[in-house]
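Asks: Whatever this is, show me its structure:
(one chain, ligands or ions: 1)
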Amino acid sequence: MEKRDFKYLIDTFFTCNKEDVLQIFNEFLNALEAEETLTTIEPMSRNYETAQSNPEINVIPGNLKDARDAIFPFFWGTDGWNSKFHLENVKGPANYASLIGAIACLLKNPNLCVDTYSQRSNELELKAITTLANIVFYHTENPWGIFTMGGTISNLYGGKIGIEKVLPGAMKKGVTGLRLVGIVSHAAHYSNETLAGWLGMGTDNLVSIPTDDACSMDLDLLEAELDRLYKENALVAFVIATFGSTDASGIDDIAGIRKIIDRKAAQYGVSAPQLHVDAAVGWPLSFLNEYDAEKNAFKLSRDVLSAVVELRKQTMNIRYADSVTIDFHKMGWGHYPSSAFIVSDRADIKLLFRTMEQVPYFSEADYRHDPALFTLECSRPAIGPYSVMASLNGIGLQGYQMLVAHALEMALYLKRQIEKLDYCKVLNMKCLGPSVVWWVLPKGRNAKQIYEDFVNGRVKPEDYKRYFYEVQRLFEKRKAAMDPKKDARLSFTTCMGYLPGGVAIPAWKAVFFNPKTDAEVARQIIQSMEEL
Ligand SMILES: *Cc1c(COP(=O)(O)O)cnc(C)c1O
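Replies: Here you go, the predicted structure:
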């Protein structure tokens with residue numbers, strides 16, 4: 001090997017050439033800036049046709065610009081969701097305080113696996129987890145948790161702890177021959193099916209409880225289902241309550257679920273299932289727990305203020321959960337992956353410890369420094385803790401309160417405007433979160449009456465199928481006629497979470513995740529419906 005060639009490699013790729021790095025970083029920022037001046041958000045067309053047939057690797061060692069060139073078209077062809085017209089789903093733009101955190105993290109590239117790989121970054125994880133725990137559990141003595149790859153994995157941890165609670169030693173002995181069951185609501189996220197499958201209990205053993213018209217689990221039906229399951233000798237490992245359903249922002253009554261599962265477990269003499277809360281989207285509502293409604297510093301309208309007061313009752317109930325999923329990469333406006341799994345009582349984490357018998361010296365101090373002793377993952381990125389701590393302390397509690405209140409304001413505003421139209425019907429009026437799901441029917445139809453009749457089972461299937469078709473057809477029509485310079489991007493759901501009489505309801509959907517989205521955007525949505 002030529003010494004000179006090898007030195008070139010080291011100098012180019014393993015030595016920080018600050019000027020080169022800054023120059024390229026500056027170019028990326030310039031590209032980002034240029035993108036922001038574009039009036040449309042139509043992303044570049046993809047070239048999947050040859051992406052697979054044209055693999056690519058340079059032969060001769062290049063430099064950082066080759067690295068840049070290899071990815072630049074794909075960077076340019078990716079939408080950062082910074083536009084205020086993005087209302088499709090629970091994805092927002094990442095904030096720049098999070099960028100500062102994330103860049104710091106990437107520069108050191110810590111591995112949260114164990115303390116020796118990451119030192120103070122593990123300490124930062126502890127701090128970030130405890131901070132988030134205090135926000136969602138309100139005040140908590142003994143929380144613990146870790147950052148994961150996403151809400152799905154955070155929910156999976158909750159499910160796994162539940163299995164270990166009702167079937168001690170399952171980690172070692174497996175779950176064969178036993179009927180393990182988990183419970184969610186109709187409005188729950190599909191990730192719960194993922195975890196039921198992956199944890200070996202089987203998706204058939206994930207029971208879905210119908211919701212009321214606020215997309216909140218029907219507690220009478222939960223109770224009846226628990227009776228049925230316990231009588232069949234099923235092991236009920238967990239109930240995963242939804243705090244903010246993905247489409248309609250429905251919220252389950254966590255305090256109510258707690259009472260029922262504890263009472264039923266005592267009645268049948270079994271261990272209570274894990275009460276895990278999937279607050280992937282809904283957790284930031286907790287920022288408003290301490291908003292002073294009397295002072296009303298943000299001068300929120302009476303409407304919004306009463307939503308804040310009402311939501312507080314629900315967010316305060318997270319205290320009754322055993323564990324919770326928080327996606328900071330959703331309404332924390334952080335970078336991916338920044339999902340946290342947090343238990344209210346640290347002792348629950350012990351159930352996940354690897355081979356306790358073999359390593360009895362696992363003390364509390366050890367696992368707090370070395371999460372690899374219990375985590376699903378081995379290597380773990382530290383983007384989460386860096387994104388969380390940079391964002392929370394850049395934006396601040398009041399900053400987050402403003403951001404969340406703004407999202408609530410916008411959702412409520414759009415709901416009020418939609419409700420004024422005879423041919424429209426808001427389907428999640430009782431859900432107070434940042435999303436709106438609604439029907440748009442042809443002008444001349446009385447949408448409210450049709451909905452009322454439908455919910456009460458007075459509409460024949462052939463008729464409601466026609467209405468559903470109309471709702472979808474009008475959505476497609478608006479999409480085709482959309483002016484990307486002024487029309488918001490909405491999405492369409494085939495099942496908004498509430499299934500009256502077991503029938504899935506389709507709807508138009510708007511989620512207010514982008515802080516730049518203003519009342520003008522909402523008014524234009526109304527205008528575009530009027531013009532259909
Ligand atoms: C997004 C979401 C998930 C999945 O989270 P990821 O971070 O995308 O894996 C789970 N539950 C709910 C309610 C969600 O909205």
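Asks: Count residues in the vicinity of Gln524, would you?
Replies: Neighbourhood size, Gln524 [other Cβ atoms under 10 Å]: 15. Bear in mind the C-beta positions are built from the backbone N, C-alpha and C, glycine included.
Asks: Hmm, it is touching Asp487, no?
Replies: Yes. Here Gln524 lies in contact with Asp487, judged by Cβ atoms under 8 Å, at a distance of 6.2 Å.
Asks: in whichever helix or strand Ala224 is part of, what's buried?
Replies: Element membership for Ala224, per DSSP states H and E: helix 219-231. Of all the residues in helix 219-231, those buried under the rule 16 or more other Cβ atoms under 10 Å are Leu219, Leu222, Glu223, Glu225, Leu226, Leu229, Tyr230.
Asks: Going by distance to the ligand, which of these wins?
Replies: Distance to the ligand, by Cβ to the nearest ligand atom, is smallest for Leu222 among the buried residues of helix 219-231, at 18.2 Å.
Asks: Report the separation between that closest one and Gln267.
Replies: 14 Å (Cβ to Cβ, to the nearest Å).
Asks: Ok, Trp144 next?
Replies: Distance, Trp144 to Gln267, by Cβ to Cβ: 30 Å.
Asks: Looking at those two, which is more packed in?
Replies: Under the criterion of other Cβ under 10 Å, the comparison of Trp144 against Gln267 puts Trp144 first, with 24 against 11.
Asks: pretty sure that one contacts Ile349?
Replies: Yes. Trp144 is in contact with Ile349 according to Cβ under 8 Å; the separation is 5.2 Å.
Asks: quick one: Phe238 is in a strand?
Replies: Yes. Counting by DSSP: H, G, I helix; E, B strand; the rest coil, Phe238 falls inside a strand.
Asks: Skipping its backbone neighbours, what lies nearest it in space?
Replies: Nearest residue to Phe238, sequence neighbours excluded (Cβ to Cβ, 6 or more residues apart in numbering): Gly162, at 3.2 Å.
Asks: Flag every buried residue along the helix or strand that contains Glu310.
Replies: Using DSSP H and E, Glu310 maps to helix 302-315. Neighbour-count burial for helix 302-315 flags Val304, Leu305, Ala307, Val308, Leu311, Arg312, Gln314, Thr315 (criterion: 16+ other Cβ under 10 Å).
Asks: need the contact list for the second one.
Replies: Leu305 sits next to Ala293, Asn296 when contact means Cβ atoms under 8 Å, 6 or more residues apart in numbering.
Asks: ok, and what's touching stretch 66-80?
Replies: Residues contacting stretch 66-80 (Cβ under 8 Å, 6+ apart): 24, 27-28, 31-32, 35, 41, 43-44, 46, 56, 58, 86, 93-94.
Asks: Any buried residues in that stretch, and which?
Replies: Arg68.
Asks: Same check on stretch 192-203?
Replies: Across stretch 192-203, burial judged by 16+ other Cβ under 10 Å covers Asn192, Glu193, Thr194, Leu195, Ala196, Leu199, Met201.
Asks: Quick one, grab the pLDDT at the second one.
Replies: Just to be clear, that refers to Glu193. On pLDDT, Glu193 comes in at 97.
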